[in-house]
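Visitor: Using only what follows, build the 3D model:
(4 chains)
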There are 2 protein chains.
Amino acid sequence: MPRKVIETAEYESLAAEAYSIVRLRILRGDLEIGQIISRRKLATELGMSFLPVSEALMKLEFEGLLESRPRAGTRVRIPTIQDVQGHYIVREALEVQAARLFAAAATANEKQELTRLAVRVDSLASQPDADRYHYLSLHEKLHRRIAECARCGALSEAIEKTHALASTWMCVGRHSEGQGPRRTHQDLMEKLCAGDTEAAAEGMRRHIVSSKDRAVERLQPFFQMGAARGTTYARSARNQFAPPVLLAS
Amino acid sequence: MPRKVIETAEYESLAAEAYSIVRLRILRGDLEIGQIISRRKLATELGMSFLPVSEALMKLEFEGLLESRPRAGTRVRIPTIQDVQGHYIVREALEVQAARLFAAAATANEKQELTRLAVRVDSLASQPDADRYHYLSLHEKLHRRIAECARCGALSEAIEKTHALASTWMCVGRHSEGQGPRRTHQDLMEKLCAGDTEAAAEGMRRHIVSSKDRAVERLQPFFQMGAARGTTYARSARNQFAPPVLLAS
DNA sequence: AGTCGCAAACTGGTATATCAGAGCACGGTC
DNA sequence: GACCGTGCTCTGATATACCAGTTTGCGACT
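Guide: Numbering: from 1, shown residues only, chains lettered A, B, ... in the order given. Sure, this is the predicted structure:
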């Protein structure tokens, strides 16, 4: 019964380990949108039983990254265009709230730290050959730190839960080339640090809305795939799309 | 192997059935804050196996109604004061967004329907002897319908997930007597239907903030209970408080 | 050649059994 | 009398086995 897939971290339960691994694979792009996941095969591969894997996938489904039908199968969620737009509306509500609190509560040190982080995020977004997961981690960290500096645990928790979903959608599609270096996150941080609460909120709002527009545009081919969902389950999932490419948000 | 606890509804899985039952019991007040739940006993009682129950409790924990420690036990969550305040900050963000969309998208029929509903909610809140769960259902329905009329599935889903939590906290404590009839929700609906987007948003913001203040006040005795959480797990949960009483929000 | 139907293979869901760790009561010690 | 250790009991976590429903490929039929 082999039990070595990753040994960098010690998890408190097998289910937690499986959860991290699958989540990583989705964000990394190893598992593409629509790809089917077999709980049994995954369990064998990870050297654990069916139950922990099942529990992990259930949690990921609850977070919106996966979708499953009772006895048919589990696959990486294929969003509809309403899903994506709605998701960004939720994110807008949460992160604007965070921006407001951030502007009021963040210390000078924190503002400096996050501004530096924003520079790294933007520069990574401009590199077409950057590792997708590396970029995502950094981007997620920036948004998470903003929420944390807002001094509200429940809010940052809620944002973290919605963010993984955004990440998977954000990275799909082709990298729009020749756009030159981006300054999206640096601009955002400027607004957040200016000291004006409402300006910070408005800055975040625009940031999210423009992310939404890009995500919608990029996911276009998948929406038709999602439309075929009503018919068969696995047949539509077999459609193969071009592998996802890193893109800025 | 007896299988009859409630037979009013047919569930697609045993886990879904267990989820509904436990959720109902928490909202109803049969399970109080801090009370310990044994998966095995519950499984026996419901006439099903350990696994579906486990799955149901896991989902409830994810929603924030329960808390568990790996091999120690599961209990109804004892919030800290930061938990409650943070939770209402999240709700504020989401529901203000919903109010904004509602003001723009709701039809005249829907506005009329929800205004009537608001009257019922307020009148039930004024009755000290009203059934707690009945009131909660109606209150939840009002807020859910507002979100639904905002025409954004992801948003109403997010609100629904956060709302059950609020419900459990909202009902704890003693009914503040002699306050006379409330008009909280009727006032809210007036703002939402006035036609001005920003006025609607502001009206919802105030509604949530005042709910928060009342919840914090009412949960005061439990916060000390939560503070003892660091020491022993079960001992602090054994503390018995006065049974919860219906109260308006 | 296209379509329909059937059966094998696979899916997730559930039951039972077992394991390791946490809580807690009891009894001994200081 | 207060404190600490020890062991019993109960908790959730996991493995294995089995079941019912879904998918799908292959073959027969039109």
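Visitor: So which other helices or strands are in contact with the lengthiest helix in chain A?
Guide: In chain A, assigned by DSSP state H, the helix with the most residues is helix A:81-105. Other helices and strands packing on helix A:81-105, by 3 or more Cβ pairs under 8 Å, 6 or more residues apart in numbering or on different chains; DSSP states H and E, are helix A:132-149, helix A:153-170, helix A:184-193, helix A:197-218, helix B:81-105, helix B:153-170. (Each C-beta comes from the backbone N, C-alpha and C, glycine too.)
Visitor: can you redo those helices as a markdown table with distance to DNA strand C and mean neighbour count?
Guide: Below are the helices and strands packed on helix A:81-105 laid out as a markdown table (distance: least, Cβ to the nearest atom of the strand, whole Å; neighbours: other Cβ atoms under 10 Å in any protein chain shown):
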| stretch | distance to DNA strand C | mean neighbour count |
| --- | --- | --- |
| helix A:132-149 | 24 | 20 |
| helix A:153-170 | 18 | 21 |
| helix A:184-193 | 37 | 20 |
| helix A:197-218 | 27 | 18 |
| helix B:81-105 | 20 | 22 |
| helix B:153-170 | 19 | 21 |
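Visitor: Can you lay out the ones you listed as a markdown table showing mean pLDDT?
Guide: Shown next, in a markdown table, are those (pLDDT from 0 to 100):
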| stretch | mean pLDDT |
| --- | --- |
| helix A:132-149 | 90 |
| helix A:153-170 | 84 |
| helix A:184-193 | 95 |
| helix A:197-218 | 92 |
| helix B:81-105 | 94 |
| helix B:153-170 | 84 |
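Visitor: for the residue positioned nearest the centre of chain A, what are its contacts?
Guide: By Cα atoms, centre = their mean, chain A has its centre lying nearest to residue A:167, at 2.1 Å. With contacts defined as Cβ atoms under 8 Å, 6 or more residues apart in numbering or on different chains, residue A:167 is in contact with A:27, A:136, A:139, A:140.
Visitor: Break chain A down into its structural domains.
Guide: Domains of chain A are assigned by automatic domain parsing as A:14-77, A:81-170+A:180-218.
Visitor: Report the next helix or strand after the longest helix of chain A in sequence order.
Guide: Reading on from helix A:81-105 to the C-terminus, the next helix or strand found by DSSP states H and E is helix A:108-126.
Visitor: tell me what that following helix is packed against?
Guide: In terms of contacts (3+ Cβ pairs under 8 Å, 6+ apart), helix A:108-126 is packed against helix A:132-149, helix A:184-193.
Visitor: got the CA coordinates for the shortest one in PDB?
Guide: Output in PDB follows, covering the C-alpha atoms of helix A:184-193 (Å, rounded to 0.1, in the frame of the first residue of the first chain):
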ATOM      1  CA  THR A 184      -3.500  46.600 -12.900                       C
ATOM      2  CA  HIS A 185      -2.600  45.600  -9.300                       C
ATOM      3  CA  GLN A 186      -0.200  48.500  -8.800                       C
ATOM      4  CA  ASP A 187      -3.000  50.900  -9.700                       C
ATOM      5  CA  LEU A 188      -5.300  49.100  -7.300                       C
ATOM      6  CA  MET A 189      -2.900  49.400  -4.500                       C
ATOM      7  CA  GLU A 190      -2.500  53.100  -5.100                       C
ATOM      8  CA  LYS A 191      -6.200  53.600  -4.700                       C
ATOM      9  CA  LEU A 192      -6.300  51.500  -1.600                       C
ATOM     10  CA  CYS A 193      -3.400  53.400   0.100                       C
END
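Visitor: Give the other helices and strands that it contacts.
Guide: Contacts defined by 3+ Cβ pairs under 8 Å, 6+ apart place helix A:184-193 against helix A:81-105, helix A:108-126, helix A:132-149, helix A:197-218.
Visitor: and the angle for the last one with helix A:153-170?
Guide: Angle of helix A:197-218 versus helix A:153-170, following axes from the mean of the first three to the mean of the last three Cα atoms, to 10 degrees, is 30 degrees.
Visitor: From residue A:183, how far off is residue A:123?
Guide: When Cβ to Cβ, to the nearest Å is the yardstick, residue A:123 and residue A:183 sit 10 Å from each other.
Visitor: again, but for residue A:200
Guide: The span separating residue A:200 from residue A:183 equals 17 Å under the rule Cβ to Cβ.
Visitor: can you check residue A:107 too?
Guide: Computed as Cβ to Cβ, the residue A:107 to residue A:183 distance reads 24 Å.
Visitor: Neighbour count: those two, which is higher?
Guide: Taking other Cβ atoms under 10 Å in any protein chain shown, residue A:107 and residue A:183 do not tie; residue A:183 has more neighbours (16 against 9).
Visitor: show me the contacts for the more buried one.
Guide: Neighbour list for residue A:183: residue A:122 [criterion: Cβ under 8 Å, 6+ apart].
Visitor: Can you give me the pLDDT of it?
Guide: The predicted local distance difference test score for residue A:183 is 88.
Visitor: which bits of chain A sit near chain B?
Guide: Chain A comes close to chain B at residues A:12-13, A:51, A:55, A:58-59, A:62, A:70, A:82-83, A:85-87, A:89-90, A:92-94, A:96-97, A:101, A:152-155, A:158, A:162, as judged by Cβ under 8 Å from any Cβ of the partner chain.
Visitor: show me which of those neighbour DNA strand D.
Guide: Restricting the residues of chain A next to chain B to those touching DNA strand D (Cβ under 7 Å from any atom of the strand) yields A:13, A:51, A:55, A:70.
Visitor: For the third one, give me its contacts.
Guide: Translated: residue A:55. For residue A:55, the set of contacting residues under the criterion of Cβ under 8 Å, 6+ apart consists of A:15, A:18, A:19, B:55, B:58.
Visitor: where does it land in three-state SS?
Guide: Following DSSP: H, G, I helix; E, B strand; the rest coil, residue A:55 is assigned to helix.
Visitor: how far does stretch A:37-56 stretch from start to finish?
Guide: Across stretch A:37-56, the straight-line distance between its terminal residues is 12 Å, by Cα to Cα, to the nearest Å.
Visitor: contacts with DNA strand C among the contacts of residue A:55, please.
Guide: Among those, proximity to DNA strand C is found for residue B:55 (Cβ under 7 Å from any atom of the strand).
Visitor: mind listing what residue A:64 touches?
Guide: Counting by Cβ under 8 Å, 6+ apart, residue A:64 makes contact with A:77, A:87, A:165.
Visitor: what do you get for residue A:222?
Guide: Under the criterion of Cβ under 8 Å, 6+ apart, the contact partners of residue A:222 comprise A:33, A:34, A:78, A:79, A:172, A:241.
Visitor: so how far is DNA strand D from it?
Guide: Applying Cβ to the nearest atom of the strand, to the nearest Å, one obtains 18 Å for the distance of residue A:222 from DNA strand D.
Visitor: That residue: which element?
Guide: Taking DSSP H and E as the criterion, residue A:222 maps to helix A:220-227.
Visitor: For the residue in chain A that DNA strand C sits nearest to, give me its contacts.
Guide: Here chain A gets closest to DNA strand C at one residue, residue A:38, 3.2 Å apart by Cβ to the nearest atom of the strand. The neighbourhood of residue A:38, defined by Cβ under 8 Å, 6+ apart, consists of A:73, A:74.
Visitor: repeat that for 10 Å
Guide: Taking Cβ atoms under 10 Å, 6 or more residues apart in numbering or on different chains as the criterion, residue A:38 is in contact with A:44, A:45, A:53, A:73, A:74, A:75.
Visitor: Separate out the buried members of those.
Guide: A:53, A:74, A:75 (16 or more other Cβ atoms under 10 Å in any protein chain shown).
Visitor: What sits closest to the first one if chain neighbours are left out?
Guide: To tie it back to what came earlier, the one meant is residue A:53. residue A:43 (4.5 Å; Cβ to Cβ, 6 or more residues apart in numbering or on different chains).
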